[in-house]
Every structure is written in C-alpha cells, then in structure tokens.
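*Asks:* My questions are about this predicted structure, shown below with the sequence.
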Amino acid sequence: MEKIHDVTRPPLEYVKGVPLIKYFAEAMGPLQSFQARPDDLLISTYPKSGTTWVSEILDMIYQGGDLEKCHRAPIFIRVPFLEFKAPGLPSGMDTLKDTPTPRLLKTHLPLTLLPQTLLDQKVKTIYVARNAKDVAVSYFHFYRMAKVHPDPGTWDSFLEKFMAGDVSYGSWYQHVKEWEELSHTHPILYLFYEDMKENPKREIQKILEFLGRSLPEKTVDYIVEQTSFKEMKKNSMANYSNVPTEVMDHSISNFMRKGIAGDWKNTFTVAQNERFDADYAEKMAGCGLHFRTEL
C-alpha cells in the first residue's frame with residue numbers, strides 16, 4: 001500500500017476530457033471490469049450535493065431503521081464509492097468485493113465515464129441535484145480539506161474554475177442536465193437537495209416508493225431524525241472523521257460543514273453573483289430544471 005504522505009495535492013488528470021482527482025483517474029481502468037447486478041442501487045450526484053446524506057438514508061432503509069447495523073462500518077465501506085482510490089485506503093473496487101447483495105453503490109461520474117454495465121442492467125439510480133451556488137462554495141471548502149485535490153487557490157479563482165468546469169468531475173451544468181435526460185429512459189429517481197432540506201420525510205417516502213419498499217411511519221420518523229445534519233455531523237460512521245488527516249484534514253474544514261440551503265450568500269460578492277447569474281442563464285438556457293438557491 002502506498003505511503004499516505006504521497007497525497008500532496010496532485011494536479012487533476014483528464015479521462016475522456018473529464019478532469020478527475022489523479023487517484024480517481026487511476027481507478028478508471030480497473031473500474032472497467034466492474035459488473036453491475038440487477039438488484040444494485042446506484043446513488044449518483046455531482047460532488048457536494050447530499051451524497052453522504054442520501055447514502056445514510058438508504059442504508060437505514062436497507063437495515064430497516066436499525067441504527068446499530070448502520071454503525072457497522074464507515075459510510076464509504078457500507079456504500080462503496082465506485083471510482084474511489086486514495087493512498088492508504090481501500091479502493092472502491094476493493095470494498096465492493098466484500099459487499100453483500102443487495103448493494104448500495106455511489107458515484108459522482110458524468111455519463112461519459114459511467115461503467116456501461118450500470119446502463120445495460122438498467123440499475124435503479126437515485127440522483128440528487130443541489131443548486132450550483134451552494135455546490136461551488138461547499139466544493140471550495142472540500143478542496144481545501146481533502147488533499148487529494150489540487151490547491152483550490154482563492155475563492156474568486158476557484159469560482160472561475162467551477163464555472164468553466166475545470167474542477168474534478170467537470171461541469172456541474174452538464175452533470176445535472178445529462179442525468180435528468182437519462183431519467184426519461186432509465187429507472188432514475190431525480191431528487192433535489194433543497195426539497196430534502198425542506199421536507200425530508202416527504203422525500204424519504206418518495207425513495208421508499210421508488211424502491212417498492214415500505215416502513216412503519218415511526219421508523220421513517222426515526223430515519224429522518226438520525227439522518228439530520230446535526231446527528232450525522234457527530235456520527236463517526238457518517239462524518240468521515242476516521243479518514244487519515246493526510247487525506248482529509250478536518251482542522252481546515254469539517255467534511256460536514258453547514259448542510260444548509262443558501263449559505264452561498266455568505267461567500268459570493270455582489271459582483272461574483274451577477275457574473276455567476278449571467279453565466280448560469282447562458283449555460284442552462286432551454287433547460288427545464290429549476291433550482292432553489294434558498295429556502
């Protein structure tokens with residue numbers, strides 16, 4: 001296994017034109033041998049869009065609301081992250097080998113890099129989309145603390161990179177649009193982070209219906225309570241606090257930072273907001289997706 005001190009913020013590497021964290025780019029070769037199963041469930045998001053939150057909700061659903069069972073391992077072991085690779089940690093493909101059926105899987109990959117087997121098997125997918133402004137701010141802080149990323153530079157320069165798609169996983173705009181388009185031909189439940197913040201119980205009921213499962217109302221209420229930001233932030237099996245500091249430095253910024261809608265207002269300047277809005281209108285022209293930037 002590689003020495004952990006090798007992390008050192010390497011530059012992004014391009015795979016089929018998509019910028020990725022160097023280690024994740026290296027994982028794309030082995031990922032080609034991945035075989036999807038019909039009863040797999042894929043969780044897909046652009047980074048910083050509620051991935052860990054919906055992963056925890058789904059694991060609690062799969063465990064019938066039993067919190068102890070959800071404490072069996074960190075979230076990245078319970079829900080293998082397909083393209084994950086980092087020095088000193090098991091890769092997503094390694095984790096998959098020990099994952100019992102039915103499997104929960106996670107990815108941030110755009111469609112051009114998604115293993116074809118997931119599409120061929122018509123694997124059920126839950127996609128969560130979050131408004132671009134909050135994603136940009138959250139991603140900036142994530143870049144700062146997760147040292148597998150290049151140095152983010154200033155907030156102003158990072159925002160420019162985000163708008164241009166020069167961040168890991170490429171363009172947010174393309175990601176949210178192409179997955180929505182795929183939902184017309186594949187079994188995809190397309191959710192919005194802001195809807196989940198507004199009424200988590202309603203969104204969990206949508207998930208249960210999509211999965212063809214049911215749980216007693218008191219169990220659903222318990223899942224809502226245990227997957228709240230406050231509870232998850234202190235849950236060591238969900239908050240990534242057990243990842244080595246060399247990979248994620250929580251003293252720079254917590255992995256689970258604020259978890260709210262509208263926090264972008266504390267970071268964007270008026271000029272940045274005007275520039276972002278003009279660019280957004282251009283990139284999302286003709287798109288039927290509507291995002292709320294605050295609640």
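*Replies:* Alright, I've got the coordinates. Residues are numbered from 1 along each chain as shown.

*Asks:* next one: phi and psi at residue 136?
*Replies:* phi -60, psi -50 (degrees, to the nearest 10).

*Asks:* Then residue 168?
*Replies:* Backbone torsions for residue 168, taken as degrees, to the nearest 10, come to phi -60, psi 130.

*Asks:* Now do the SS call for residue 152.
*Replies:* Here residue 152 takes the coil state, with states given by DSSP: H, G, I helix; E, B strand; the rest coil.

*Asks:* Repeat that for residue 49.
*Replies:* Residue 49 ends up coil, using three-state DSSP.

*Asks:* quick one: contacts for it?
*Replies:* Each residue near residue 49 by CB atoms under 8 Å, 6 or more residues apart in numbering is listed here: 128, 129, 130, 135, 193. All C-beta spots, glycine's among them, are computed from the backbone N, C-alpha and C.

*Asks:* Show me which of the residues you listed is closest to residue 84.
*Replies:* residue 128 (17.9 Å; CB to CB).

*Asks:* For that closest one, list the residues it contacts.
*Replies:* Counting by CB under 8 Å, 6+ apart, residue 128 has contacts 43, 44, 45, 49, 50, 51, 53, 54, 191, 192, 193, 196.

*Asks:* I'd like the mean pLDDT over the helix or strand harbouring residue 144, please.
*Replies:* Using DSSP states H and E, residue 144 maps to helix 132-145. Helix 132-145 comes out with an average pLDDT of 93.

*Asks:* Alpha carbons of that helix, in CSV - could you do that?
*Replies:* Provided in CSV are the C-alpha atoms of helix 132-145 (Å, rounded to 0.1, in the frame of the first residue of the first chain):
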residue,chain,number,x,y,z
ALA,A,132,-24.9,25.4,-8.2
LYS,A,133,-24.1,28.3,-5.9
ASP,A,134,-24.1,26.2,-2.7
VAL,A,135,-22.3,23.4,-4.5
ALA,A,136,-19.5,25.8,-5.6
VAL,A,137,-19.0,27.1,-2.0
SER,A,138,-19.1,23.7,-0.5
TYR,A,139,-16.7,22.3,-3.1
PHE,A,140,-14.2,25.1,-2.4
HIS,A,141,-14.1,24.2,1.3
PHE,A,142,-13.9,20.5,0.4
TYR,A,143,-10.9,21.1,-1.9
ARG,A,144,-9.3,22.9,1.0
MET,A,145,-9.7,20.0,3.4
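
*Asks:* How about the residue most central in space within the chain: what's its closest non-neighbour residue?
*Replies:* Residue closest to the mean C-alpha point of the chain, counted by CA atoms, centre = their mean, is residue 51 at 3.5 Å. In space, and not counting its chain neighbours, residue 51 is closest to residue 45: 4.5 Å by CB to CB, 6 or more residues apart in numbering.

*Asks:* Based on its surroundings, how many neighbours for that neighbour?
*Replies:* Residue 45 has 27 neighbouring residues, counting by other CB atoms under 10 Å.

*Asks:* how much space between it and residue 129?
*Replies:* 7 Å (CB to CB, to the nearest Å).

*Asks:* Which pLDDT does the model give residue 1?
*Replies:* Per the predicted model, pLDDT is 39 at residue 1.

*Asks:* do residue 252 as well
*Replies:* Reported pLDDT for residue 252: 66.

*Asks:* Spell out, range by range, the strands that occur in the stretch 101-250 of the chain.
*Replies:* Per DSSP state E, counting those that start in this stretch, the stretch 101-250 of the chain carries strands over the ranges 104-107, 124-129, 188-192.

*Asks:* between these, which gets nearest to residue 148?
*Replies:* With CB to CB, the closest approach to residue 148 among those belongs to strand 104-107: 16.0 Å.

*Asks:* Format the contacts of residue 49 as JSON lines; extra columns: distance to residue 118.
*Replies:* As requested, the contacts of residue 49 are exported to JSON lines (distance: CB to CB, whole Å):
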{"residue": "128", "distance to residue 118": "17"}
{"residue": "129", "distance to residue 118": "18"}
{"residue": "130", "distance to residue 118": "22"}
{"residue": "135", "distance to residue 118": "23"}
{"residue": "193", "distance to residue 118": "22"}
